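> Sharing a sequence plus its predicted fold:
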Amino acid sequence: MGAQSAGPLVVGVDSSTQSTKTLVVDAETGEVLARGQAPHTVSGGTGADGGEPGGKESDPEQWWRALGEALDRCGAAARQASAVSVAGQQHGLVALDASGAPVRPALLWNDVRAAPQSERLIRELGGAEVWARRTGSVPRSAFTVAKWAWLCDNEPEAAAATAAVRLPHDYLTQRLTGQGVTDRGDASGTGWWASATEAYDTEILEHVGLAPEKLPRVALPGEAAGTVRSTELPLPQGALVAAGTGDNMAAALGLGLRPGQPVLSLGTSGTVYAIATRRPTDPTGIVAGFADARSDWLPLACTLNCTLAVDRVAALLGRDREAVEAGGSAVLLPFLDGERTPNLPHASGLLHGLRHDTTAGQLLQAAYDGAVFALLQALEQVLDADAAADAPLLLIGGGARGRAWRETVRRLSGRPVVVPEAQELVALGAAAQAAGLLLGEDPAAVARRWGTARGAAFEAVERDTAACDRLAATLADGSALLSRR
């Protein structure tokens with residue numbers, strides 16, 4: 001297969017909540033020559049109290065096994081790769097003992113049990129504005145620093161046994177190379193990496209009782225993490241290993257984003273983000289001031305409830321997910337698992353405005369509206385002030401293939417929409433990072449050469465201000481119910 005390619009081969013890895021995906025890509029043309037996938041298992045952890053809801057955990061060892069299985073499915077192409085990069089789900093807490101084995105299952109990004117610790121840390125270290133100024137973000141329950149505080153409070157023996165703390169992508173990179181290395185993009189989602197100084201914040205680490213030497217080295221953009229040293233995977237010994245990054249940073253690389261281009265991702269979670277040249281510091285906490293995988297920034301807002309929540313509503317109604325109907329005045333806020341944007345970790349779903357003539361299809365459309373509205377509310381805060389108000393929204397993720405999702409985004413945003421043809425953008429972005437390392441190029445420029453953002457374009461339609469006003473009013477009037485523990 002290598003003889004058929006225009007350039008050297010690279011491997012991009014997407015280790016997500018639900019599965020590991022691998023792509024073998026021609027570094028020159030971007031042609032995907034082989035792909036593989038293997039599933040993960042997520043459990044509802046309960047912690048020391050035996051019953052607190054909101055837990056989401058996975059055994060990191062299964063990520064490693066899934067990586068091997070996915071690479072096996074790529075066949076001979078994987079064995080010809082010259083470079084590899086791992087992108088992974090952000091924020092997850094991987095606690096390792098002195099031998100490098102997990103102390104306990106990893107706490108995943110969507111584990112909301114650390115909400116009390118988040119609130120306490122924000123208060124103890126000067127408030128939301130101080131956190132945003134120092135780290136770029138207000139550390140909500142998803143952030144690794146809050147998860148570490150939860151572990152110390154609820155499982156002190158596990159915290160005491162922890163010799164190293166890694167993010168999910170760091171863990172896999174370390175298994176590949178034997179080196180503890182991360183990148184500025186994924187590190188910026190921990191809550192202990194200061195965007196103001198681009199270094200670990202020793203005061204925050206001391207406050208939460210975490211020694212800096214337990215953390216991975218933060219590689220510079222374009223720097224290698226090491227080379228493949230593991231003999232357990234079907235990869236060539238000595239192949240270059242890039243530093244890797246978080247999944248959202250990898251997707252931005254995969255699209256070859258330039259500053260000011262807004263992206264709306266519809267997956268298990270929903271996200272809106274854009275590349276920015278100015279460091280973001282949102283004291284409301286709606287926008288996380290992440291770094292990107294290069295040398296710019298990636299302001300991002302994330303919702304917990306997106307495609308899974310809407311699919312659940314469709315199942316409850318006994319309807320196909322595309323069987324929506326226009327009209328009606330019902331408002332449905334589908335916060336089925338708590339919510340991050342808006343910050344309502346204890347929320348449940350809220351339905352308002354039900355009438356005798358409300359149809360099941362209108363209720364389903366209301367669920368779509370509620371999920372999309374939460375993301376669009378954050379969009380203007382994600383974009384720089386000088387970003388074009390009519391710039392097309394790049395719509396990605398599994399939901400982007402659905403007509404109901406696409407038309408809801410068009411109707412509530414009033415913006416044109418482009419749905420890129422390229423799929424598996426996180427793995428593609430990791431491949432672009434590996435190719436950039438191998439070829440000595442900017443990985444975003446590599447992705448632009450590959451043409452990954454090309455796709456079907458849909459013109460803007462008039463914004464449905466009446467629906468947006470109903471949603472905003474219900475969100476405001478229901479705040480007491482949505483905040484109740």
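Nice, I can see it.

> by contact count, what packs against the helix of greatest length in the chain?
Counting residues, the longest helix in the chain under DSSP state H turns out to be helix 360-382. Other helices and strands packing on helix 360-382, by 3 or more CB pairs under 8 Å, 6 or more residues apart in numbering; DSSP states H and E, are strand 263-266, strand 270-273, strand 297-303, helix 307-317, strand 331-333, helix 403-413, helix 465-477. For every residue, glycine as well, the C-beta is placed using N, CA and C.

> residues making contact with the helix or strand following that helix?
As assigned by DSSP states H and E, the chain's next helix or strand after helix 360-382 is strand 393-396. For strand 393-396, the external contacting residues (CB atoms under 8 Å, 6 or more residues apart in numbering) are 251, 255, 261-266, 405-406, 409, 413, 415-420, 425, 453.

> any idea how far Glu325 is from the nearest residue to Ala70 once chain neighbours are set aside?
With CB to CB, 6 or more residues apart in numbering as the criterion, Ala70 has its nearest non-adjacent residue at 3.7 Å, and that residue is Gly36. Distance, Gly36 to Glu325, using CB to CB, to the nearest Å: 40 Å.

> Show me how far stretch 172-192 is from its chain's centre.
Distance, stretch centre to chain centre, for stretch 172-192: 15 Å (CA atoms, centre = their mean, to the nearest Å).

> before we move on, which element is the residue of the chain most remote from its centre in?
Largest separation from the mean C-alpha position in the chain: His356, at 39.8 Å (CA atoms, centre = their mean). Remark: His356 resides in no helix or strand, with elements defined by DSSP H and E.

> For it, give its distance to Gly478.
As judged by CB to CB, His356 and Gly478 stand 22 Å apart.

> residue ranges for the strands of the stretch 101-250 of the chain, please.
With strands called from DSSP state E, counting those that start in this stretch, the stretch 101-250 of the chain shows them at 106-107, 164-166, 181-183, 193-194, 199-200, 217-219, 224-227, 240-242, 245-246.

> what residues does the last one touch?
Contacting residues not belonging to strand 245-246 are listed as 85, 87-90, 167, 169, 183, 185-186, 189, 253, 290, 293, 429-430, 433 [CB under 8 Å, 6+ apart].

> Just the ones of those residues in helices?
His169, Gly185, Asp186, Leu253, Gly429, Ala430, Gln433.

> ok, back up a step: I'd like to know which of the contacts of strand 393-396 are buried.
Among the contacts of strand 393-396, those classed as buried by 16 or more other CB atoms under 10 Å are 251, 255, 261-266, 405-406, 409, 413, 415, 417-420, 425, 453.

> circling back to that earlier point, name the stretch among the strands of the stretch 101-250 of the chain that sits most buried.
strand 245-246 (a mean of 34; mean count of other CB atoms under 10 Å).

> Give me the average confidence score over that strand.
The pLDDT scores in strand 245-246 average 98.

> ok, back up a step: going by neighbour count, which of the contacts of strand 245-246 are buried?
85, 87-90, 167, 169, 183, 185-186, 189, 253, 290, 293, 429-430, 433.

> show me where pLDDT drops low in the stretch 251-400 of the chain?
Along the stretch 251-400 of the chain, no part satisfies pLDDT under 70.

> if we go to 80?
The stretch 251-400 of the chain contains residues with pLDDT under 80 at 384-389.

> just the stretch 1-150 of the chain next, same as before
1-6, 45-53.

> now the helices for it?
Listed in chain order, the helices of the stretch 1-150 of the chain (DSSP state H, counting those that start in this stretch) span 60-72, 115-124, 128-135, 144-154.

> which of those helices is buried the deepest?
Burial of the helices of the stretch 1-150 of the chain is given as mean neighbour count (mean count of other CB under 10 Å); helix 144-154 ranks first at a mean of 24.

> Using PDB, write down the CA coordinates of that one.
The C-alpha trace of helix 144-154 is given here as PDB (Å, rounded to 0.1, in the frame of the first residue of the first chain):
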ATOM      1  CA  THR A 144      -9.300  17.900  35.800                       C
ATOM      2  CA  VAL A 145      -8.400  20.100  38.800                       C
ATOM      3  CA  ALA A 146     -12.000  19.700  40.200                       C
ATOM      4  CA  LYS A 147     -11.800  15.900  39.600                       C
ATOM      5  CA  TRP A 148      -8.500  15.700  41.500                       C
ATOM      6  CA  ALA A 149     -10.100  17.600  44.400                       C
ATOM      7  CA  TRP A 150     -13.000  15.100  44.300                       C
ATOM      8  CA  LEU A 151     -10.600  12.200  44.400                       C
ATOM      9  CA  CYS A 152      -8.800  13.700  47.400                       C
ATOM     10  CA  ASP A 153     -12.100  14.300  49.200                       C
ATOM     11  CA  ASN A 154     -13.800  11.000  48.400                       C
END
